[in-house]
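# Dropping the sequence and predicted coords here.
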Amino acid sequence: MIERGRFVTIHGIDGTGKSTLVRHLNQGLTRAGVESREADLLLHAASNPFREQKKTFEAIDAEAQLYYSLGSKAVDQAVIVEQLENGIVVIKDRWVIDVLADQTHKGARATENVYGSLLRPDMAVVLRCSEAERQTRIAARGEATPEDLIANEPGTRAHYFEQYLLEHIAESADRHIILDTTDATPQEMADVVQQNILE
């Protein structure tokens, strides 16, 4: 019988290094002989009626948006579970907790059983970095939105989002780690996460 793969989720506000870590972690696991997949590449090729109607979903209130987004995750998880059942590690940038952070900031109320039957990560990683470094990274990308450039300080969406992740990450996954990426290379971060996955 094939051992079930592990579901690893990466979280953090914009500019903390989520996408970069997903890529380096996937490459590192592959070099270590562990079969792994970047979830977003798998999901991009899969049909999801919720994702396909995103513009309609954006026009409804925060409460409805929350459950619409959770419905989208429920469709996505079928693709992820298929990989896990084949012993593959799946790495996902953002998951259910990010939906909750976003929609509760907009005014939605999350019930205690909101996670319900949605797939629980085996490991969740929250990334943080200094605000100066975060803004440097965002500027270097050359595609920042006005919202991206708002500082992570009390009263902003970025601050709310990060605090929500830090306060609720333990209840959202079987294991979690919090990493500061300010002075670390992407490979160093990937090595730390990989070691935790393979323990």
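Looks like it came in fine.
# Now do the residue nearest the centre of the chain against residue 86, distance only.
Central residue of the chain (Cα atoms, centre = their mean): residue 94, 1.5 Å from the mean position. Distance from residue 94 to residue 86, counting by Cβ to Cβ, to the nearest Å: 23 Å. The C-beta positions use only the backbone N, C-alpha and C, and glycine is treated the same way.
# try residue 3
The value you get for residue 3 to residue 86, if Cβ to Cβ is used, is 10 Å.
# Could you do residue 167 as well?
When residue 167 is compared with residue 86 (using Cβ to Cβ), they lie 34 Å apart.
# re the thing from before, between residue 3 and residue 86, point out the one with more neighbours.
Neighbours were counted for residue 3 and for residue 86 using other Cβ atoms under 10 Å; residue 86 has more, 12 against 6.
# List phi and psi for that one.
Backbone torsions for residue 86, taken as degrees, to the nearest 10, come to phi -100, psi 10.
# Let me know whether it touches residue 5 as I believe.
Yes: between residue 86 and residue 5 a contact is recorded at 6.9 Å, counting by Cβ atoms under 8 Å.
# Which neighbours do the two have in common?
Here residue 86 and residue 5 share no contacting residue, scored by Cβ atoms under 8 Å, 6 or more residues apart in numbering.
# just checking, residue 64 is part of a helix?
Yes: inclusion of residue 64 in a helix is indicated when DSSP: H, G, I helix; E, B strand; the rest coil is applied.
# Verify the stated contact: residue 91 with residue 39.
Yes: if you go by Cβ under 8 Å, residue 91 and residue 39 touch, sitting 6.2 Å apart.
# secondary structure class for the residue lying closest to residue 162 once chain neighbours are set aside?
Spatial nearest neighbour of residue 162, chain neighbours left out: residue 13 (5.1 Å); criterion: Cβ to Cβ, 6 or more residues apart in numbering. Put simply, residue 13 is coil when judged by three-state DSSP.
# what's the neighbour count on residue 13?
23.
# Could I get the contacting residues of it?
Here residue 13 is in contact with 134, 152, 158, 161, 162 (criterion: Cβ under 8 Å, 6+ apart).
# ok, the first one - how many residues close by?
Look at residue 134: counted by other Cβ under 10 Å, it has 23 neighbours.
# which SSE is it in?
helix 131-141 (DSSP states H and E).
# what packs against the very next helix or strand once past that helix?
Moving toward the C-terminus from helix 131-141, the next helix or strand (DSSP H and E) is helix 157-172. Helices and strands touching helix 157-172, by 3 or more Cβ pairs under 8 Å, 6 or more residues apart in numbering; DSSP states H and E, are helix 96-105, strand 123-128, strand 176-180.
# residues in contact with stretch 53-72?
48, 50-51, 96, 99-100, 102-104, 106-110, 114, 116, 118.
# chain center to it, what's the gap?
18 Å (Cα atoms, centre = their mean, to the nearest Å).
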